[in-house]
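Peer 1: Here you go, sequence then predicted model.
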2 protein chains.
Amino acid sequence: MPLDHPGEKPHDQLAKRLSADMDAVNTLIRARMASENAPRIPEVTAHLVEAGGKRLRPMMTLAAARMMGYPGDDHVKLAATVEFIHTATLLHDDVVDESSQRRGRPTANLLWDNKSSVLVGDYLFARSFQLMVETGNLRVLDILSNAAATIAEGEVLQLSAAQNLATDEGIYLKVVRGKTAALFSAATEVGGVICGAPEAQVDALRTYGDALGIAFQIVDDLLDYQGDAKATGKNVGDDFRERKLTLPVIKAVAAADAEERAFWSRTIEKGKQEDGDLEHALVLLDRHDALTATRADAMGWVEQAKAALSEVEPADAELHALMLALADYVVERVR
Amino acid sequence: MPLDHPGEKPHDQLAKRLSADMDAVNTLIRARMASENAPRIPEVTAHLVEAGGKRLRPMMTLAAARMMGYPGDDHVKLAATVEFIHTATLLHDDVVDESSQRRGRPTANLLWDNKSSVLVGDYLFARSFQLMVETGNLRVLDILSNAAATIAEGEVLQLSAAQNLATDEGIYLKVVRGKTAALFSAATEVGGVICGAPEAQVDALRTYGDALGIAFQIVDDLLDYQGDAKATGKNVGDDFRERKLTLPVIKAVAAADAEERAFWSRTIEKGKQEDGDLEHALVLLDRHDALTATRADAMGWVEQAKAALSEVEPADAELHALMLALADYVVERVR
């Protein structure tokens, strides 16, 4: 049982605790990614779905529902819905970012082509919608369709914000709420909704997911400048090379003098990068304590996530403790 | 009033007859394509939505609902849903086909970029889900989410079928049912469902939309080989140059001798096209009466559409007559 292994990561403990539910989710995902008519659909989907992602988002739906004492089966459908939306988003993201690697493997757009990634992504979006419709719960449909719109809106906003030095922390937060936190918060909120939890507790679950999602993305952006490639699977400087204006750089730009500003403008806005630029970027980030301040922001969001979750009256105290621990673990990687 | 102008096209007569509803649909579309956070979304959407498409699909929802005597407002939401799904599909299609023209204007992927087309398409899909959820009608949600999955499946199937001489009429029909007929049939079916029409009549409306959609696509594919560019806005031979195996060529391939087969293999499968190939393709199509047979198929589907619609007991006989006339008009262009 999970709490017998206190050294184990909360994510792994949750996965063990929810393993029967998670197996049901995986079975459902495999069944629904099939297509009698177009064999390329399951090929492309399997490449991504079977690549060993952490299934963090669907697990949050399962954990929220079970923590609130949900006795039914719809949480499995909703968890699969959330994973399908996430997978569709990854397929389209890799096309948009022209990525060649995801989860340590070549991306689908590289192995097949952009066309397949676009259209299989569309198929998975539609499949996710079919799945949520099967629950017959209109409030859940409202939450998840709003999340899908917010995700796409965040991604479009990122297109114009990413290489623009005028992007401030407010715009960054909007992008992050869209591209990452919207699905986290919908995932936990629907867990509460299907149990018929009181409004205040549904609100708390949504706030937990939102704050956790924001912390998760900030940490991801931070690891891009201070990560250990072996531990995180990320290479330091990818975002810099791809000219993505993330929180650490936004903080350094806000504190920049004219010369520093010219450096960021050349490397991020104009994309004219030379040898040594990444090293100089790291010097500037350090000069203005940008990584420290970014880490503090992430920890602040984790505290908000935990505060919200503390207001929930769980039917299952162990799952409650694991979800609190999960929030801590998100920033654990950058402590 | 429409029937006072018997020479007018049925489509224009329907548009006049339903002009108040259509205005409401256009107003709703403009309101919902807005995005406070990402101004590129309404820019890209407006480029396509305001380009003067015929709004055929949303009009079919309005016509079906009103014909069956629907007194409410949800048909407007569903018509806007159908147009959003259609617009999202066009944005993604133009990326997949690497198209540069649509409705006589440069495509969004050319004016902005593929990224914007992919992500704004995703946004419109999500917006369409939000709109349909607002009707609160689970059966409608089931029909439209199934249609969205069938559309994407048809598009993926087309990827592998388009340049493959093994593609036969059965596969062609699956592709067409997906990429075109699924939305036509869902558009008319939901019109009947929201009125609470009897099952047999809902079936008839679905069959009408399915058959009309198939006829519409076959005619489109036929016009590509025999159209008048001025009248249709299509250049003869676009599908041939893009190596799309459509029904006329499928019929010619089925009747081809070894030499002809080698020609189709070189031009369509291998894409090695030379001057004079289109003219030779037209000779081969003519030799095997492929265009005549394709036209006959389209007319057969129109007859099926009309037969289905004849089983409906309309509350509004004039709309019923116009929808029957619309079916005839679909093949009128190639008579």
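Peer 2: Arrived safely, thanks for sending.

Peer 1: Let me know the next secondary structure element after the helix or strand containing A:Ser117.
Peer 2: In this assignment (DSSP states H and E), A:Ser117 forms part of helix A:114-134. On the C-terminal side of helix A:114-134, the nearest following helix or strand under DSSP H and E is helix A:138-161.

Peer 1: Any idea how far whichever helix or strand comes after that next one is from the middle of the chain?
Peer 2: Counting by DSSP H and E, the next helix or strand C-terminal to helix A:138-161 is helix A:169-176. Relative to the chain's own centre, helix A:169-176 is displaced by 15 Å; criterion: CA atoms, centre = their mean, to the nearest Å.

Peer 1: just stretch A:12-25 next, same as before
Peer 2: Distance of stretch A:12-25 from the chain centroid (CA atoms, centre = their mean) equals 19 Å.

Peer 1: swap in stretch A:50-69?
Peer 2: 13 Å.

Peer 1: which parts of that stretch are buried?
Peer 2: A:53, A:55-68 (16 or more other CB atoms under 10 Å in any protein chain shown). To be clear about C-beta, it is placed using only N, CA and C from the backbone, and glycine gets the same treatment.

Peer 1: Show the end-to-end separation of it, please.
Peer 2: 30 Å (CA to CA, to the nearest Å).

Peer 1: And the average pLDDT for that stretch is what?
Peer 2: Averaging pLDDT along stretch A:50-69 gives 91.

Peer 1: what's the answer for stretch A:37-47, then?
Peer 2: The model assigns stretch A:37-47 a mean pLDDT of 83.

Peer 1: Tabulate the CA atom coordinates of it in PDB.
Peer 2: Provided in PDB are the C-alpha atoms of stretch A:37-47 (Å, rounded to 0.1, in the frame of the first residue of the first chain):
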ATOM      1  CA  ASN A  37     -11.600   2.500 -41.400                       C
ATOM      2  CA  ALA A  38      -8.400   4.300 -40.900                       C
ATOM      3  CA  PRO A  39      -5.600   2.100 -39.400                       C
ATOM      4  CA  ARG A  40      -3.200   5.100 -39.300                       C
ATOM      5  CA  ILE A  41      -5.300   6.500 -36.400                       C
ATOM      6  CA  PRO A  42      -4.400   3.800 -33.900                       C
ATOM      7  CA  GLU A  43      -0.800   3.700 -35.100                       C
ATOM      8  CA  VAL A  44      -0.200   7.400 -34.600                       C
ATOM      9  CA  THR A  45      -2.100   7.400 -31.300                       C
ATOM     10  CA  ALA A  46      -0.400   4.400 -29.900                       C
ATOM     11  CA  HIS A  47       3.000   5.900 -30.700                       C
END
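
Peer 1: What lies in contact with it?
Peer 2: If you take CB atoms under 8 Å, 6 or more residues apart in numbering or on different chains as the criterion, stretch A:37-47 is touched by A:33-35, A:87, A:91, A:105, A:108, A:111-112, A:116-117, A:120, A:123-124, B:153-154, B:156-157, B:159-160, B:174, B:178.

Peer 1: Quick check on these: which are buried?
Peer 2: Buried, going by 16+ other CB under 10 Å: A:33, A:35, A:87, A:91, A:108, A:112, A:116-117, A:120, A:123-124, B:153-154, B:156-157, B:159-160, B:174, B:178, out of the contacts of stretch A:37-47.

Peer 1: for the stretch 101-250 of chain A, which spans come out with low pLDDT?
Peer 2: Across the stretch 101-250 of chain A, the ranges flagged by pLDDT under 70 are A:103, A:228-234.

Peer 1: which parts of it sit against chain B?
Peer 2: A:114-116, A:118-123, A:125-127, A:129-130, A:133, A:136, A:138, A:141-142, A:145-146, A:148-149, A:151-157, A:159-160, A:174, A:178 (CB under 8 Å from any CB of the partner chain).

Peer 1: on contacts alone, who are the packing partners of the helix or strand harbouring A:Val283?
Peer 2: Assigned by DSSP H and E, A:Val283 belongs to helix A:277-287. Helices and strands touching helix A:277-287, by 3 or more CB pairs under 8 Å, 6 or more residues apart in numbering or on different chains; DSSP states H and E, are helix A:199-226, helix A:238-241, helix A:247-254, helix A:258-264.
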